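J.: Below are the sequence and a predicted model for it; my questions follow.
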Amino acid sequence: MKPEISTTLLPKTNPPENEVSGVSSISGAVFNISTSMVGAGIMSIPATLKVLGIIPGFVVIIIMAFLVEVTVEFLLRYTNYSGEANTYGGVMAESFGKFGSVALQICIMISNLGALIIYLIIIGDVLSGSQSDGVLHSGVLQECFGFHWWNERAYSVLFIVIFVMLPLLLLPRVESLAHASAVSILLAVVFVVIIAGMAVYAMLEGQTQELKLFPDFSDGFSYFNLFTTIPVMATALSSCHVTIHPVRAELEDQSNMRSAVRISLALSVVIYMAVGFVGYLLFGESIMADMLVNFDQTSNSPGGLLVNAIVRLSYALHLMLVFPVIFYILRANVDEMIFPRKSLLASDTTRFVSITLVLLAFVYFVAIALPNIWYFFQFMGSTTVACIAFVFPGAIVLRDIHGISTKIDRTMAIIVVILAAVTSVVAISTNLYSSFGNTS
């Protein structure tokens, strides 16, 4: 007897007649998927290149993109194979029963909550500043208007949440966010163009930094530190796994989903490589884990503070538009877990608005109360994200309840699962050792 299929992330198998489906173009799918990939992780890529070196860093980005494409292919192949499992949660339930779908839901909720909180923290840093290692970094609002009660973090972020985030979050369908996603990708491109211009100016002035092509193992640098960069890459590129099923369901031709994923991966890889190289070229060994901190410092670029403000604001606006796509997935999973037998969420206005307001309020208050959770985000990338992106898809192929996996598929699944497990364990151990070492 087959287990009951939980349709996490999307409508039940027979949506109402008035529910619109199959209305999205491949371009809309590309924008939504790319938006989920190009998120908060983009600012950490230059720091990973500082650790890995330029050449190994680019190789790791390409390898991670390849593994993401492989695991997405696994998920799409098992989706709707039996005519019942049309979501990620459904595929997990079909392979591992209720335990599988619940495990996926928990991982998605933890990773998405963490990502959304980080987004608000970064937006708060950009607008109202932050304090790092005892140094106060002023925000754009303080630099423009001075220090006032209304541009403190709690008020500036609250304004953004109410007047920017909430209207987008009240849109019932993910396809409705396609235009916002397109703008967010445009802002990411604008960010790359601006910092590339800064790099060109620095080169002309002879003020660029020396780059490492390969990691430097002098001064007690440990090989294990290399593993701490992989969760950053994984978190950056693998967010699409929980987005592909909602986006796929609204495609006019669902067979285009694989092409949309590949185009999105190619676009994201180009953006990550460009940001990583240019950021490292500009700031060299002084690059921070969050590159925005470097733009708070004195710049050699033309326009000085104006250029720095534009760079930070373009990235903050980008995150504001990424936020709704990630929130959409979180809201769907919370609804599925709390109200598994209720009607489609978008058709129940009271439930839809209530869940939206409660989740948004929770994310806001945590972001204000805990203004620095980067270590938590690192550990999240080593655990829940690794499970969603690599362990679960690999396990589905190895389980192979439909008997459709090939020998190559099973080999790749084993490689992906082992790589994710080993990398996560080493990264967590290294971070713990570094943390306790710094406090001792």
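T.: Perfect, I can see it now.
J.: Now residue 405: which helix or strand?
T.: Element membership for residue 405, per DSSP states H and E: none, as it lies in no helix or strand.
J.: In contact with it, which residues?
T.: By CB atoms under 8 Å, 6 or more residues apart in numbering, residue 405 lies in contact with 397, 398, 413. In this view, the C-beta of every residue, glycine as well, is placed from N, C-alpha and C.
J.: Which one (most neighbours) among those residues?
T.: residue 397 (26 neighbours; other CB atoms under 10 Å).
J.: For this structure, which segments count as strands?
T.: Taking DSSP state E as the criterion, the chain contains strands spanning 130-132, 135-137.
J.: Distance check, the closest residue to residue 353 other than its chain neighbours against residue 417.
T.: Nearest residue to residue 353, sequence neighbours excluded (CB to CB, 6 or more residues apart in numbering): residue 170, at 7.1 Å. Residue 170 is 39 Å from residue 417, where distance means CB to CB, to the nearest Å.
J.: Those two - which one has more neighbours?
T.: residue 417 (20 against 14).
J.: so the more buried one touches residue 392, yeah?
T.: No: using CB atoms under 8 Å, residue 417 makes no contact with residue 392, being 9.2 Å away.
J.: ok now do residue 183, which residues does it touch?
T.: Residue 183 is in contact with residue 321, counting by CB under 8 Å, 6+ apart.
J.: For residue 75, see how far away it is.
T.: Distance from residue 183 to residue 75, by CB to CB: 28 Å.
J.: which parts of stretch 100-108 are buried?
T.: 100, 101, 102, 103, 104, 105, 107, 108 (16 or more other CB atoms under 10 Å).
J.: Helices - which of these land there?
T.: 100, 101, 102, 103, 104, 105, 107, 108 (DSSP state H).
J.: Skipping adjacent residues, who's closest to the third one in space?
T.: Excluding the flanking residues, the one nearest residue 102 by CB to CB, 6+ apart is residue 337, at 7.5 Å.
J.: To what extent is the one you found buried, counted in neighbours?
T.: Residue 337: 17 surrounding residues under other CB under 10 Å.
J.: got it, and the one 5 residues further on?
T.: Applying other CB under 10 Å, we find 13 other residues in the vicinity of residue 342.
J.: Could you double-check that it lies in contact with residue 352?
T.: No: using CB under 8 Å, residue 342 is not in contact with residue 352; the gap is 10.7 Å.
J.: Hmm, the residue nearest to residue 353 is touching residue 357, no?
T.: No: counting by CB under 8 Å, residue 170 does not reach residue 357; the two are 9.6 Å apart.
J.: can you tell me which residues contact residue 96?
T.: Residue 96 touches 103, 395, 399, counting by CB under 8 Å, 6+ apart.
J.: which stretches of the stretch 101-250 of the chain form helices?
T.: For the stretch 101-250 of the chain, helices defined by DSSP state H, counting those that start in this stretch occupy the ranges 140-145, 153-160, 166-169, 178-204, 230-237, 244-249.
J.: ok, of those, where does mean pLDDT dip lowest?
T.: Mean pLDDT per stretch puts helix 230-237 lowest among these, at a mean of 70.
J.: what separates residue 212 from residue 287, distance-wise?
T.: Residue 212 is 11 Å from residue 287, by CB to CB.
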